[in-house]
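Asker: let me see the structure of the following:
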Amino acid sequence: MTDATLRGAQPSLVRDALERGDPLPGTSGFAGAVDGRLVRDVLGRVPLFV
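Answerer: Residues are numbered from 1 along each chain as shown. As a prediction, this is how the structure comes out:
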């Protein structure tokens, strides 16, 4: 796995949510990059800056 640049949640939690297809993994919002993918929670509570 690669280093993650992520705000609002632990990379492992986001990876698990992606694997399960869970749109609401119980965080207060997150956005950033994990393993080369841009990610943001389904409600868009944290801005994703590119």
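Asker: which residues in this structure form strands?
Answerer: Remark: strands assigned in the chain by DSSP state E are 5-7, 31-34, 37-40.
Asker: can you list those strands in TSV and add mean pLDDT, mean neighbour count and distance to residue 47?
Answerer: No exception for glycine: its C-beta is placed from N, CA and C like everyone else's. As requested, the strands of the chain are exported to TSV (pLDDT from 0 to 100; neighbours: other CB atoms under 10 Å; distance: least, CB to CB, whole Å):
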stretch	mean pLDDT	mean neighbour count	distance to residue 47
strand 5-7	91	13	9
strand 31-34	94	20	6
strand 37-40	94	14	8
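Asker: got the ones you listed as TSV, with distance to residue 19 columns?
Answerer: Formatted as TSV, these follow (distance: least, CB to CB, whole Å):
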stretch	distance to residue 19
strand 5-7	16
strand 31-34	11
strand 37-40	12
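Asker: select, out of these, the one closest to residue 15.
Answerer: Shortest distance between residue 15 and these, using CB to CB, is found for strand 31-34: 6.2 Å.
Asker: what's the closest of the strands of the chain to residue 49?
Answerer: Using CB to CB, the strands of the chain put strand 31-34 closest to residue 49, at 7.9 Å.
Asker: so what secondary structure elements neighbour the closest one?
Answerer: strand 5-7, helix 11-20, strand 37-40 (3 or more CB pairs under 8 Å, 6 or more residues apart in numbering; DSSP states H and E).
Asker: possible to save the ones you listed as CSV with distance to residue 29?
Answerer: Output for the helices and strands packed on strand 31-34, formatted as CSV (distance: least, CB to CB, whole Å):
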stretch, distance to residue 29
strand 5-7, 8
helix 11-20, 11
strand 37-40, 8
